[in-house]
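Asks: mind folding the following:
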Amino acid sequence: MKEKFLTILKTVKREGIDELIEFLEKTDFFKAPASTRFHGNYEGGLVEHSIKVYEILKHKVETNIEPIEVPEESIIIIGLLHDICKANFYKIDYRNAKNALGVWEKVPYYTVDDTIPYGHGEKSVMMITEYMKLTPEEKYSIRWHMGFTEPKEQYTTLGLAYKKYPLALLTHEADLEATYFYDI
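Replies: I've put the predicted structure just below:
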């Protein structure tokens, strides 16, 4: 999956993309889970989830009833990097659990170790912009990709963002579909 991810991402010809890729290579991004328990909670789940979000988002943009003009480069950046905030975010810990024979044993599980507590979507935007510029549409799409899992106090702002940038809503939908239809 790493090779597929990098092949797609390397088609982006924006200043700073090479440095961003170097950063990703130094992190656990390609081995990290997508979450601790909700979806893709296995080694490599994050990169698999990111590719699936990109594929779904690309399809949604191409087949949307109301045409949306979006550069392919934006779809790649949003889809592949929306969860970059999860790089170096999960750690493996151990807990006791009974095996199939009913004997207690130590088993690994993923836990969160958030050393940069800056939110989720906003953290991804921050991390990307340390290496390259994003368009406003890309920023909004990545920032608001979590949709209505945001605190209810954010719902008005979220709705305004989706109205201003429909691609942000499609990004949220693509993320949900990757999570619930494909469990990654």
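Asks: hey, C-alpha coordinates of the helix or strand harbouring residue 168 in PDB?
Replies: Following DSSP states H and E, the helix or strand that holds residue 168 is helix 166-180. Presented in PDB, the C-alpha positions along helix 166-180 are these (Å, rounded to 0.1, in the frame of the first residue of the first chain):
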ATOM      1  CA  PRO A 166     -19.200  21.300  -1.400                       C
ATOM      2  CA  LEU A 167     -15.900  19.400  -1.700                       C
ATOM      3  CA  ALA A 168     -15.700  19.500   2.100                       C
ATOM      4  CA  LEU A 169     -19.000  17.600   2.400                       C
ATOM      5  CA  LEU A 170     -17.900  15.100  -0.300                       C
ATOM      6  CA  THR A 171     -14.700  14.500   1.700                       C
ATOM      7  CA  HIS A 172     -16.700  13.800   4.900                       C
ATOM      8  CA  GLU A 173     -18.900  11.400   2.900                       C
ATOM      9  CA  ALA A 174     -15.800   9.600   1.400                       C
ATOM     10  CA  ASP A 175     -14.300   9.300   4.900                       C
ATOM     11  CA  LEU A 176     -17.500   7.800   6.200                       C
ATOM     12  CA  GLU A 177     -17.900   5.400   3.300                       C
ATOM     13  CA  ALA A 178     -14.300   4.200   3.700                       C
ATOM     14  CA  THR A 179     -14.900   3.700   7.400                       C
ATOM     15  CA  TYR A 180     -18.300   2.000   7.300                       C
END
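Asks: how big is the angle separating the longest helix along the chain from helix 166-180?
Replies: Among the segments of the chain that qualify as a helix by DSSP state H, the longest is helix 45-63. Taking axes from the mean of the first three to the mean of the last three Cα atoms, to 10 degrees, one finds helix 45-63 and helix 166-180 inclined to each other by 130 degrees.
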